[in-house]
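> predicted model and sequence follow; I will ask about them next.
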Amino acid sequence: MDIIISNQSDVPIYQQIVVQIKNLIMNGELAEGDPLPSIRTLAVELQISSITTKRAYEELEREGYIVSQVGRGSFVNAQNKELMREKRIKIVEEKLVEAMAAAKMIEMPRDELIQLMDILYEEELK
């Protein structure tokens, strides 16, 4: 599990961990039941405080992404398939909003943006 922490970021370190683990789960790189490194192990790997790692794991557990079992560790929680789909759709929507804003900045016509999206979508299917 590769997590990259930026000390220059305005985002708190625990939040950087939360976002990256959520992305790994939603992208399918971490599957239901997969174990996460222990709080101490992740802290050592990232060269951060165990308190920071614990805070990240607590938030992930509160949001239902992971489940922790005393003496066993933390694992990716079983996700509601429909809820996961909705979360992924939300990510797509956010990316499309970014793309539309970029297109508007260069005054790209809507038709051209849609045509570009069609081309890229077809390329991915090959």
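Sure, I can see it. Numbers count the residues shown, from 1 in each chain.

> dihedrals phi and psi, residue 2?
As for residue 2, its main-chain torsions (degrees, to the nearest 10) stand at phi -100, psi 120.

> any idea of the pLDDT on it?
In this model, residue 2 is scored at 90, pLDDT.

> what's the burial count for it?
Neighbourhood size, residue 2 [other Cβ atoms under 10 Å]: 7. For the C-beta atoms, the positions are set from N, CA and C on the backbone; glycine is no exception.

> helix or strand: which one has the residue nearest to the spatial centre of the chain?
Taking Cα atoms, centre = their mean as the criterion, residue 23 is the residue nearest the geometric centre of the chain, at 1.7 Å. Residue 23 is part of helix 13-26, with elements assigned from DSSP states H and E.

> for the record, mean pLDDT for that helix?
The average pLDDT for helix 13-26 rounds to 93.

> report the distance from that helix to the chain centre.
Once both centres are worked out by Cα atoms, centre = their mean, to the nearest Å, helix 13-26 turns out to sit 5 Å from its chain's centre.

> same thing with stretch 59-69?
With Cα atoms, centre = their mean, you get 14 Å for stretch 59-69.

> which stretches of this structure have low pLDDT?
80, 125-126 (pLDDT under 70).
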